[in-house]
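pasted the sequence and its predicted model underneath.
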There are 2 protein chains.
Amino acid sequence: MNKIAPKLVVRRLPIYLHILDNLIRNDVQIISSRELSDETGFTAEQIRKDLAFFGAFGTRGTGYNTSFLREKILKIIGLDDQTNIVVVGAGHLGIALIRYNVTNNSYVNVVAAFDIDPDVIGLKILDVEVMPMARMKEIAEEYKVKVAILTVPSEQAQIAVEQIIQSGINVIFNFAPTKLHVPEGVYVRNANLSIELQSLIYYATSEKEKKF
Amino acid sequence: MNKIAPKLVVRRLPIYLHILDNLIRNDVQIISSRELSDETGFTAEQIRKDLAFFGAFGTRGTGYNTSFLREKILKIIGLDDQTNIVVVGAGHLGIALIRYNVTNNSYVNVVAAFDIDPDVIGLKILDVEVMPMARMKEIAEEYKVKVAILTVPSEQAQIAVEQIIQSGINVIFNFAPTKLHVPEGVYVRNANLSIELQSLIYYATSEKEKKF
DNA sequence: TCATGTGAAGAGCTTCACAGCA
DNA sequence: TGCTGTGAAGCTCTTCACATGA
């Protein structure tokens, strides 16, 4: 394994994982790329190529063993044990993501939230405590946290990023509508919901109504 | 204009729009693709190509007039007047998105939320009322709603989709972790936050720790 | 001179067509 | 036979290099 994995392939792996979990729960032991295609909407060829990038996990003439493939994908992503993350910014969105994540995601666990507002510090969302930013490094080290969800306002985003990086976290899922400046080796994915929403409007409006 | 706009270009337009809004607020009248590159992280060439796809909006040797370019992008996206949307599913995530959107997005306006739970029907989140699903069509027609944010649980997603489509809405921003089946002409964008989060773990784990 | 606009080249991802193997 | 695995072709998007024009 020396080629680097295509970004879009990596983003599809958890989708396959989710389907495999459901299949295994229903005692399905074998699945073909054609059936996975029906479940996902991706083509069977694409699914085979995605998986084949990491190795030959299937059996010709038969398909993929669901449990075996699940284990392989867990290893590839790096989800082999419970992965701990933190939420930075305990506003409405941060709190909603904590509740949402806990109920929807059995692989990733939020260990703490951080905020600068004394009014929210000390609160518990489900069993997740909101702590002052100063405790981030201690928590990150204790729980081996490598990923942070960032939901602070734009103005505070860059300052929060410095603290996140100093805490040893190297992946940021950024919900603040601003560009983050990070050093080499830190990976940022932006999830700017307002901007996504605006781009969707494009597909709601017929071409005829647009003049430019 | 007969070629169809590249999807990735459309997704970047609101990013340019956001920056232009800030520049105009600070009385900046001219911006070059180089400066837009510094603000966005995209290359200057890419920004020029993105904009040039829709027309020649700049002045050679000078740059782009911020107000002029803003107007053009608004027209291209279809944001020429306040765009109304609805939220389907008034759980934690739906409520958080209503609060988040209202405070972050001056172009898009949530006119109503819908849910099946009698306990939340009648609630107001800011000034957005939670209504029974049966009222969706009426509201969609009254406010010319073309876009819905879908935040119901997976099991209810497909049923909700039928109602959304029957209400005349043709674009769905889907937060439910399930594949939606829609007819031709309906555009779905998935924002599965758990799955995005899982794919990020890949970038947090060093290659050395992975064996497959 | 300086920054836009644009063909051409390049990179990345998907689809095709079929070889390979249980 | 049936489904995986994979080079080759095709498509989409990005980068390059420079012609164009204020």
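Received it, and whenever you're ready, just let me know what you need. Numbering: from 1, shown residues only, chains lettered A, B, ... in the order given.

all contacts plus neighbour counts: C-alpha atoms, from now on.
OK.

all helices for chain A, in order.
Ranges of helices in chain A, per DSSP state H, are A:7-25, A:33-40, A:44-54, A:66-77, A:92-104, A:136-142, A:154-166, A:193-204.

adding distance to B:G168 and mean neighbour count as columns, could you present these in a markdown table?
Output for the helices of chain A, formatted as a markdown table (distance: least, C-alpha to C-alpha, whole Å; neighbours: other C-alpha atoms under 10 Å in any protein chain shown):
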| stretch | distance to B:G168 | mean neighbour count |
| --- | --- | --- |
| helix A:7-25 | 29 | 17 |
| helix A:33-40 | 26 | 16 |
| helix A:44-54 | 32 | 16 |
| helix A:66-77 | 40 | 19 |
| helix A:92-104 | 29 | 19 |
| helix A:136-142 | 47 | 16 |
| helix A:154-166 | 35 | 17 |
| helix A:193-204 | 11 | 22 |
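
now render the ones you listed as a markdown table, adding mean pLDDT.
Formatted as a markdown table, these follow (pLDDT from 0 to 100):
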| stretch | mean pLDDT |
| --- | --- |
| helix A:7-25 | 97 |
| helix A:33-40 | 97 |
| helix A:44-54 | 98 |
| helix A:66-77 | 97 |
| helix A:92-104 | 84 |
| helix A:136-142 | 98 |
| helix A:154-166 | 97 |
| helix A:193-204 | 94 |
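
and the residue positioned nearest the centre of chain A, what pLDDT?
Nearest to the geometric centre of chain A sits A:F173, at 7.4 Å (C-alpha atoms, centre = their mean). On pLDDT, A:F173 comes in at 97.

against B:S199, how distant is it?
11 Å (C-alpha to C-alpha, to the nearest Å).

so how far is A:I165 from A:A140?
Distance from A:A140 to A:I165, by C-alpha to C-alpha: 10 Å.

DNA strand D contacts on chain A?
Neighbours of DNA strand D within chain A, by C-alpha under 7 Å from any atom of the strand: A:31-34, A:44-45, A:48-49, A:51-53, A:55-64.

change it to 10 Å
For chain A, the residues in contact with DNA strand D (C-alpha under 10 Å from any atom of the strand) are A:30-37, A:44-65, A:69.

what subset of these is also close to DNA strand C?
Near DNA strand C, by the rule C-alpha under 10 Å from any atom of the strand, you find A:44-50, A:53, A:58-63 out of the residues of chain A next to DNA strand D.

identify the residues contacting the closest residue to A:S167 other than its chain neighbours.
What sits nearest to A:S167 in space, not counting adjacent residues and going by C-alpha to C-alpha, 6 or more residues apart in numbering or on different chains, is A:K137, at 4.1 Å. Neighbouring residues of A:K137 by C-alpha atoms under 8 Å, 6 or more residues apart in numbering or on different chains: A:164, A:166-168.

just A:I31 next, same as before
Contacts of A:I31 by C-alpha under 8 Å, 6+ apart are A:63-66.

go again using 6 Å as the cut-off
By C-alpha atoms under 6 Å, 6 or more residues apart in numbering or on different chains, the residues touching A:I31 are A:63-64.

what about it, distance to chain B?
18 Å (C-alpha to the nearest C-alpha, to the nearest Å).

which residues of chain A lie near chain B?
A:11, A:14, A:72, A:75, A:77-78, A:92-93, A:96, A:105, A:146, A:171, A:194-195, A:199, A:202, A:204-205, A:210, A:212 (C-alpha under 6 Å from any C-alpha of the partner chain).

now, which of the residues you listed lie close to DNA strand C?
A:R11.

and A:S33, how close does it get to A:D21?
16 Å.

do A:K146 as well
24 Å.

what of A:I201?
Distance from A:I201 to A:D21, by C-alpha to C-alpha: 34 Å.

what do you get for A:D115?
Taking C-alpha to C-alpha, one finds A:D115 at 34 Å from A:D21.

same check, this time on A:A5
For A:A5 relative to A:D21 (C-alpha to C-alpha), the value is 23 Å.

cool, A:N84 as well?
Distance from A:N84 to A:D21, by C-alpha to C-alpha: 20 Å.

what's the local residue count around the residue in chain A that DNA strand C sits nearest to?
Closest contact between chain A and DNA strand C, by C-alpha to the nearest atom of the strand, is at A:P6 (3.6 Å). Neighbour count for A:P6, taken as other C-alpha atoms under 10 Å in any protein chain shown: 10.

swap in A:V108?
19.

I'd guessed it sits against A:I85; true?
No. With contact defined as C-alpha atoms under 6 Å, A:V108 does not count as touching A:I85 (7.0 Å).

find the nearest non-adjacent residue to A:K72, please.
A:K72 sits nearest to B:F212 (C-alpha to C-alpha, 6+ apart), 5.9 Å away.

count of neighbours near the one you found?
13.

next one: it relative to A:V108, how far apart?
For B:F212, the distance to A:V108 - C-alpha to C-alpha - is 21 Å.

then A:R70?
16 Å.

please apply the same query to A:H92.
20 Å.

tell me, which strand in chain A spans the most residues?
Longest strand of chain A, by residue count under DSSP state E: strand A:108-115.

what strands line up against that one, and which way round?
strand A:83-88 (parallel), strand A:128-132 (parallel) (DSSP bridges).

any idea which of those strands is most buried?
strand A:83-88 (a mean of 24; mean count of other C-alpha atoms under 10 Å in any protein chain shown).

chain center to it, what's the gap?
Computed by C-alpha atoms, centre = their mean, to the nearest Å, the chain-centroid distance of strand A:83-88 equals 11 Å.

export only the CA atoms of that strand, formatted as PDB.
Extracted in PDB, the C-alpha atoms of strand A:83-88 (Å, rounded to 0.1, in the frame of the first residue of the first chain):
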ATOM      1  CA  THR A  83     -12.700   6.900  18.700                       C
ATOM      2  CA  ASN A  84     -13.000   9.900  21.000                       C
ATOM      3  CA  ILE A  85     -13.600  13.500  19.800                       C
ATOM      4  CA  VAL A  86     -14.400  16.800  21.400                       C
ATOM      5  CA  VAL A  87     -16.800  19.600  20.500                       C
ATOM      6  CA  VAL A  88     -15.500  23.200  20.600                       C
END
